[in-house]
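> Build me a model from this:
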Amino acid sequence: MAPTTFQYPIVDVWANLPGLGAAIPEVARLFAYSHSDPEIADKKRSPEDVVALMDEAGVSHICLSAWSRPGKMIFSNEEVAQYTRAYPKRIFGLAAVDLHNPVEAVKELEHYVRNEGFVGLRVVPWLWNLPPSDAHYWPLFVKCIELDIPFLTQVGHTAPACPSEVGRPIPYIDSIALKFPDLKIIMGHIGYPWAAETTAVSWKHKNVYIDTSAWSPKYYAPEFITFANTTGKDKVMFGTNFPQLGWKDCVDKVNTHLVGTKGGFRDSVVKGFMGGNALRVLKLPETHLEAPRSNL
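A predicted model of the protein is given here:
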């Protein structure tokens, strides 16, 4: 397989396995509202299929997450590891764990980081109806600090028909950043309708970042763009929530709506936003050109 050439690294810090739309009824509703491609959203695909879609869009790296909810592992860490093993310099795992079993959750997180190279922990609070300030998270935060990996979580309203309160940046992200100042936190989904709160919390805390997953670049909040162009240049990251949104469509819309346009990103912001900041914070390798090592 010939290597793909990228103009500069493009990292999607919030991606999911194809088939997510069929696996979570609440997410299926969101995907329908977003006009997601059912051939990708509802059907599983091989690592080769996933990388082909990345290559089509010029995406060099993705962070691919497992999914857990009370009483059920929707997509297991082992399923994600099959993709990361196939493309260990292109696809990077984000662990999901059972918040209701914190001892085993900490063990599972450590195993997949130390033995499988996973690069972060992701918890979607609305699936648990527990905000990140809840004590169920705290042992995991300590382990994330020990392992030097970030905690990724959703902020903003819940587009699926679930309570949105747990997604508020203030007080929840603000309070855990104060309690765990060494914890790297990546807030996904920009935080609408609390985008100003999201940028304020990221500005306030040195280890708190924002990604744009689940939002088309046409609709990034003005507060987010202002933050990216000023004090937040090193704290913003590209994300899609694939397969809700497609990689090629999102990359194309960044280029057409936000690069070299009035009201868009300054030239000095683009490379950091699209990949440079994620490479640094998630400690991803600069090298990203390779053929697959194995198949599912």
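
> can you map out the strands along the stretch 1-150 of the chain?
11-16, 61-65, 67-69, 72-75, 91-95, 120-123 (DSSP state E, counting those that start in this stretch).

> Given the fifth one, what are its sheet partners and their directions?
Using DSSP bridges, the neighbouring strands of strand 91-95 in the sheet come out as strand 61-65 (parallel), strand 120-123 (parallel).

> Can you list the neighbours in contact with the shortest one?
Okay, so that is strand 120-123. Strand 120-123 has contacts (Cβ atoms under 8 Å, 6 or more residues apart in numbering) with 14, 63, 65-66, 94-97, 99, 109, 132, 137, 140, 144, 149-153, 186, 282. Every residue, glycine included, has its C-beta placed from N, CA and C.

> before we move on, back to that, which one of the strands of the stretch 1-150 of the chain lies nearest to residue 162?
Residue 162 lies closest to strand 67-69 among the strands of the stretch 1-150 of the chain, at 10.7 Å (Cβ to Cβ).

> got a list of contacts for that closest one?
Residues contacting strand 67-69 (Cβ under 8 Å, 6+ apart): 16, 20, 23-24, 73-75, 96-99, 124, 127-128.

> So which of those residues is the closest to residue 209?
residue 124 (17.1 Å).

> Of the strands paired with strand 91-95, which is nearest residue 204?
Closest among the strands paired with strand 91-95, using Cβ to Cβ: strand 120-123, at 21.5 Å.

> from the chain's centre, how far out does that closest one sit?
9 Å (Cα atoms, centre = their mean, to the nearest Å).

> could you pull out the strands for the stretch 151-296 of the chain?
For the stretch 151-296 of the chain, strands defined by DSSP E, counting those that start in this stretch occupy the ranges 151-154, 185-188, 208-211, 236-237.

> could you dump the second one to CSV, C-alpha only?
Read it as strand 185-188. The C-alpha trace of strand 185-188 is given here as CSV (Å, rounded to 0.1, in the frame of the first residue of the first chain):
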residue,chain,number,x,y,z
ILE,A,185,-9.4,17.8,30.2
ILE,A,186,-10.7,18.0,26.7
MET,A,187,-14.2,19.3,26.5
GLY,A,188,-16.0,18.0,23.4
